[in-house]
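Q: Here is my input, please return the structure:
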Amino acid sequence: METEPAPIRVVLVDDEVLIRAGLSLLLAAEPGIEVVGEAADGRSGVEAVILVRPDVVVMDLRMPGTDGTEATRILNSDDFAAEHGGPPAVLVLTTFSDDDQVGQAVKAGAAGFLLKNSAPQILAAAIRALARGDGWLDPAVTRGLLKQFTRDHRDPPVPMERGPAAADLGRLSLREQEVLAAMAAGMKNSQIAEQLFLSEATVKSHVHRILTKLGLTDRSQAVALAFRGGLVQPPRG
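A: Numbers count the residues shown, from 1 in each chain. Now for the predicted structure:
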């Protein structure tokens with residue numbers, strides 16, 4: 001007789017009690033997901049992670065004291081890994097106004113980004129993706145990251161080895177960069193189409209143009225270039 005897989009263990013970190021309660025209630029209805037801890041700030045969130053060892057942390061960014069970005073940085077630090085083992089995957093909850101903070105969370109090691117007004121099934125899908133070791137990028141968040149990427153790299157003090165890759169990515173349109181970021185998150189064409197509200201045929205066309213513009217032959221090369229050029233950061237967890 002086959003045993004059922006262990007549930008995905010989740011810690012919720014948000015300074016608003018009602019939001020934590022709502023998220024907990026939503027996730028309680030999802031099979032295979034179990035909320036095992038809650039915290040009202042980043043420092044308490046780190047302590048909860050140490051105590052219950054979750055698979056995924058759903059992390060708000062704006063909190064008093066230790067915010068979500070700093071908590072994510074602590075969880076992904078070498079010191080934390082040495083003392084407590086590998087970090088959980090961090091799913092950041094954000095709003096349209098959080099573009100700069102999202103960029104900082106990327107650098108801190110967050111593995112996924114989701115808008116706070118997303119549908120419950122999207123939240124569950126994102127948690128399951130992170131638990132599998134994949135990333136998750138909400139299309140609206142991706143657009144914000146790309147705007148910041150463009151701004152930050154206008155006069156970039158980047159190492160020489162990253163310069164050519166970043167310059168190559170500049171050949172792509174904003175939509176093509178969105179598609180490439182989704183590819184780097186591990187999404188298939190059908191998933192990219194759903195996330196970006198495009199037809200699958202349109203996504204295939206974008207992928208073809210991406211490869212053509214970059215002079216590449218397959219998706220894996222394009223994804224590698226996305227990482228080297230700083231478009232996306234490899235997820236940790």
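Q: Could you chop this structure up by domain?
A: Following automatic domain parsing, the chain resolves into domains at 8-138, 149-228.
Q: avg pLDDT for the longest one?
A: Mean per-residue pLDDT for domain 8-138: 89.
Q: now it, how far from the centre of its chain.
A: Domain 8-138 sits 10 Å away from the centroid of its parent chain (C-alpha atoms, centre = their mean, to the nearest Å).
Q: Determine how far the last residue of it lies from the first.
A: Terminal residues of domain 8-138 are spaced 21 Å apart (C-alpha to C-alpha, to the nearest Å).
Q: Could you do stretch 71-88 as well?
A: 12 Å.
Q: Just the buried positions in that stretch, please.
A: For stretch 71-88, burial by neighbour count (16 or more other C-beta atoms under 10 Å) applies to 71-76, 80, 87-88. In this view, the C-beta of every residue, glycine as well, is placed from N, C-alpha and C.
Q: Next, format the residues you listed as CSV and append distance to residue 7 and secondary structure.
A: CSV is the format used below for these (distance: C-beta to C-beta, whole Å; DSSP: H, G, I helix; E, B strand; the rest coil):
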residue, distance to residue 7, secondary structure
71, 23, helix
72, 23, helix
73, 27, helix
74, 25, helix
75, 21, helix
76, 24, coil
80, 24, helix
87, 19, coil
88, 14, coil
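Q: Identify the farthest-apart pair in those.
A: 73 and 88 (13.7 Å; C-beta to C-beta).
Q: returning to that earlier point: quick check: which of the domains of the chain is buried the most?
A: Each of these was given a mean neighbour count from mean count of other C-beta atoms under 10 Å, and the largest, a mean of 19, is that of domain 8-138.
Q: How about the contacts made by the residue nearest to residue 5 when sequence neighbours are not counted?
A: Nearest residue to residue 5, sequence neighbours excluded (C-beta to C-beta, 6 or more residues apart in numbering): residue 32, at 7.0 Å. With contact set as C-beta atoms under 8 Å, 6 or more residues apart in numbering, residue 32 has these partners: 5, 7-8, 128.
Q: Next one: residue 32 relative to residue 48, how far apart?
A: Distance, residue 32 to residue 48, by C-beta to C-beta, to the nearest Å: 21 Å.
Q: Repeat that for residue 72.
A: Using C-beta to C-beta, residue 72 is found at 14 Å from residue 48.
Q: do residue 13 as well
A: 7 Å.
Q: Name the residues contacting each of these two.
A: Common neighbours of residue 13 and residue 48, using C-beta under 8 Å, 6+ apart, are 38-39.
Q: what's near enough to touch the residue nearest the centre of the chain?
A: What sits nearest the mean C-alpha location of the chain, by C-alpha atoms, centre = their mean, is residue 112, with 1.7 Å. By C-beta under 8 Å, 6+ apart, residue 112 lies in contact with 89-92, 126, 129-130, 135-137, 235.
Q: 7 Å instead?
A: By C-beta atoms under 7 Å, 6 or more residues apart in numbering, the residues touching residue 112 are 89, 91-92, 126, 129-130, 135-136.
Q: Repeat that for residue 33.
A: 7-8, 10, 27, 124, 127.
Q: how about a cut-off of 8 Å?
A: With contacts defined as C-beta under 8 Å, 6+ apart, residue 33 is in contact with 7-8, 10, 27, 124, 127-128.
Q: from those, which is closest to residue 104?
A: Among those, residue 127 lies closest to residue 104 (C-beta to C-beta), at 22.1 Å.
Q: host element of that closest one?
A: Using DSSP states H and E, residue 127 falls within helix 120-131.
Q: and whichever helix or strand comes after that helix, what other elements does it pack with?
A: Once helix 120-131 ends, the next helix or strand along the chain (criterion: DSSP H and E) is strand 136-137. Counting contacts by 3 or more C-beta pairs under 8 Å, 6 or more residues apart in numbering; DSSP states H and E, strand 136-137 packs against strand 112-115, helix 120-131.
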